[in-house]
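Engineer: My questions are about this predicted structure, shown below with the sequence.
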Amino acid sequence: MKDLALKAALCMQCQVCGAACTAAPVNGLRPREVVRRAAAGDETLHQGPDPWLCVACYACAAQCRAGIDISELFYELRNRAAAEGRIPEPYRAVAKQLLATGCSFPITKNTGRMRDALGLPAFGVSGKGIAELNTLCREAGMPDPDKRVPAAADACATGACAAAKEV
Ligand code: SF4
Ligand code: SF4
């Protein structure tokens, strides 16, 4: 948390990031508040829903006059949450899909039909490619998508993270 606090300490609480935030009108994310809590050294910041409400559009970082990379702050919070097994189910499902198939989205029959119609070859990642991807993810420190904190300690599992469930 020390690194986050140091970066966030430059914040002037001007609220420019909040006005620019594309997620705020949809899910109520308040990036200025997240930066304030990070600057205060709040060790619980990654445990709530906020890290998962950001859509990583970088609109806040582009306009912050203090030069704070707010999007990067959200990435760090998500990484910390994921390492503890605090992952909203939709993100967990995407990670598992990626590791199982090499694609972060399902290849459906309709996908095949559309590729056919466009004259494109059938699509799929080879077993070798999937194995290499798994190795890369493991070597890069990707957390186990099956790791979970006890439900009672997980805001995203107890319903406090409703917006993240709908991502
Ligand atoms: S735009 Fe930058 S300085 Fe202003 S409140 Fe947001 S993080 Fe702080
Ligand atoms: S990167 Fe996240 S916090 Fe920043 S403007 Fe986009 S959605 Fe909002």
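Structural biologist: Looks like it came in fine. Ligands and ions are numbered 1, 2, ... in the order given.
Engineer: now the strands for this structure?
Structural biologist: Secondary structure of the chain (DSSP state E): no strands present.
Engineer: got the residues of it near ligand 2?
Structural biologist: 20-23, 29, 31, 54-60, 70-71, 74 (CB under 6 Å from any ligand atom). Bear in mind the C-beta positions are built from the backbone N, C-alpha and C, glycine included.
Engineer: mind running it again at 8 Å?
Structural biologist: Counting by CB under 8 Å from any ligand atom, the chain comes close to ligand 2 at 17, 20-24, 29, 31, 34, 53-61, 70-71, 74.
Engineer: From the residues you listed, keep the buried residues only.
Structural biologist: 17, 20-21, 23-24, 29, 31, 34, 53-55, 59-61, 70-71, 74 (16 or more other CB atoms under 10 Å).
Engineer: farthest residue from the center of this structure?
Structural biologist: Farthest-out residue of the chain from its mean C-alpha position, per CA atoms, centre = their mean: Gly119, at 34.6 Å.
Engineer: Distance check, that one against ligand 2.
Structural biologist: Gly119 sits 37 Å away from ligand 2, going by CB to the nearest ligand atom, to the nearest Å.
Engineer: and the buried ones among the residues of the chain next to ligand 2 near ligand 1, which?
Structural biologist: Near ligand 1, judged by CB under 8 Å from any ligand atom, the entries from those are Cys17, Ala20, Pro31, Cys60, Ile70.
Engineer: The last one contacts Arg30, doesn't it?
Structural biologist: Pointing back at Ile70 there. No. Between Ile70 and Arg30 there is no contact under CB atoms under 8 Å: 11.3 Å.
Engineer: Give me the buried stretch members for stretch 30-42, please.
Structural biologist: Neighbour-count burial for stretch 30-42 [16+ other CB under 10 Å]: Arg30, Pro31, Arg32, Val34, Val35, Arg37, Ala38, Ala39, Asp42.
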